[in-house]
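> Provide a 3D model corresponding to the input given below.
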Amino acid sequence: MKNSKKILILGGSGFLGNALYKELLPYFNVHATYRTENDFFDKNRKFHQWDAETESLEILLKSLKPDLIISAMRGEFEAQIYAHFEAINYILTHDAKLIFLSSANVFDAFTNYPSYEYDKTLSLSVYGKFKIKIENALLRLPNEKYVIARLPMVYGAKSPRIEELKILHDLHEAIEVFPNVVTNATSISKFTQQLHYIINRDLEGVFHLGSTDLVHHIDLIDEICKQLQLENPLFKSVYDSNEDRFLALLPKDNLLPKNLQITIQDVVKDTLVS
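Numbers count the residues shown, from 1 in each chain. You can find the predicted model right below:
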């Protein structure tokens, strides 16, 4: 039986948002936004065209009255920040909650060790600083009002990262790898299961949804290329330091059950599963 909880996914036409939409639709009353004209989404009454750069989110929130907002949106940073503050204002004045999909980049200034859920964030990148700005606004709210779900690189059979690897290989172009970067990853199927569990259990706080083990970026890409049977891929090694540097998210405080954890080997295997 469907749960009556109404969910609005911001960015429902993107890779992460659309996978979440498909995962949650059989169980909840799910709505989603998309930005650019699209016949498929136009015909689907659960999808709502909305452009963060030109339209207020408030109108959509008032008409749909979601119990849960999941932010998987992309786009211009200032417009996104404004939309998130509108979403925060909504959850503060309604019995509602926000799940924000964040990134390992909120820690990209720290390179000597992996990062845990409640470590201090600090970023040198524009992207990381933008994510931190929204995270900090959420961290000031009562705990039950939000989930911050930080993601490492996300792979999967139809993922943009896998599609790009295949295209570069077919064009005999070099694939950029970072031999000194120690990282972790996840698969789209495991991520959607994890978020489904977080919603079902009404969990709150900060979650790190990466693999339980770490790998050098070059080894990860090499393993994926072997799994995809991409023969003799061309690698272009990019060294941004002489030492190993970490860009990895590990869970410590908010551990999910064993069946919802994932290893690098699982991530590599999942690249062939659609």
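
> does residue 268 count as helix, strand or coil?
helix (DSSP: H, G, I helix; E, B strand; the rest coil).

> pull up the gap between it and residue 257, please.
Per C-beta to C-beta, to the nearest Å, residue 268 is found 22 Å from residue 257. C-beta: built from backbone N, CA, C; applies to glycine.

> which one of those two is surrounded by more residues?
Per other C-beta atoms under 10 Å, whichever of residue 268 and residue 257 has more neighbours is residue 268, with 21 against 9.

> which residues touch residue 206?
Residues near residue 206 by C-beta atoms under 8 Å, 6 or more residues apart in numbering: 117, 118, 147, 148, 150, 253, 254.

> of those residues, buried ones?
By neighbour count, with 16 or more other C-beta atoms under 10 Å, those hold 117, 147, 148, 150, 254 as buried.

> I'd guessed residue 177 sits against residue 237; true?
Yes. Using C-beta atoms under 8 Å, residue 177 is in contact with residue 237, at 5.8 Å.

> which of those two has more neighbours?
More crowded of residue 177 and residue 237, by other C-beta under 10 Å: residue 177, with 18 against 12.

> nearest residue to that one other than its sequence neighbours?
Setting aside the residues directly before and after it, residue 177 is nearest to residue 218 in space (C-beta to C-beta, 6 or more residues apart in numbering), at 4.1 Å.

> name the element that neighbour belongs to?
Using DSSP states H and E, residue 218 sits in helix 217-227.

> tell me the helix or strand right after that helix.
Counting by DSSP H and E, what follows helix 217-227 is strand 235-237.

> by contact count, what packs against the helix or strand that comes right after that following strand?
Following strand 235-237 in sequence order, the next helix or strand is strand 245-247 (DSSP H and E). Counting contacts by 3 or more C-beta pairs under 8 Å, 6 or more residues apart in numbering; DSSP states H and E, strand 245-247 is packed against strand 181-183.

> now do the shared contacts for residue 177 and residue 237.
residue 218.

> buried residues, the helix ranked longest in the chain. List them.
Criterion DSSP state H: the longest helix present in the chain is helix 77-93. Of all the residues in helix 77-93, those buried under the rule 16+ other C-beta under 10 Å are 79, 80, 83, 84, 86, 87, 88, 90, 91.

> in the stretch 101-250 of the chain, which spans are helices?
Ranges of helices in the stretch 101-250 of the chain, per DSSP state H, counting those that start in this stretch, are 126-139, 160-170, 188-200, 217-227.

> could those go into TSV alongside mean pLDDT, distance to residue 108 and mean neighbour count?
Shown next, in TSV, are those (pLDDT from 0 to 100; distance: least, C-beta to C-beta, whole Å; neighbours: other C-beta atoms under 10 Å):
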stretch	mean pLDDT	distance to residue 108	mean neighbour count
helix 126-139	97	5	18
helix 160-170	96	18	14
helix 188-200	98	20	20
helix 217-227	97	14	18
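
> closest to residue 100 out of those helices?
Closest approach to residue 100 among the helices of the stretch 101-250 of the chain (C-beta to C-beta): helix 126-139, 6.0 Å.

> for that closest one, output the C-alpha coordinates as CSV.
Extracted in CSV, the C-alpha atoms of helix 126-139 (Å, rounded to 0.1, in the frame of the first residue of the first chain):
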residue,chain,number,x,y,z
VAL,A,126,33.4,27.3,-5.7
TYR,A,127,31.2,24.2,-5.8
GLY,A,128,32.2,23.1,-2.3
LYS,A,129,31.6,26.6,-0.8
PHE,A,130,28.2,26.7,-2.4
LYS,A,131,27.2,23.3,-0.8
ILE,A,132,28.6,24.5,2.6
LYS,A,133,26.4,27.6,2.5
ILE,A,134,23.2,25.5,2.2
GLU,A,135,24.5,22.9,4.7
ASN,A,136,25.2,25.7,7.3
ALA,A,137,21.7,27.1,6.9
LEU,A,138,20.3,23.6,7.5
LEU,A,139,22.5,22.9,10.5
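
> how far does that helix sit from the chain's center?
On the basis of C-alpha atoms, centre = their mean, to the nearest Å, helix 126-139 sits 14 Å off its chain's mean C-alpha point.
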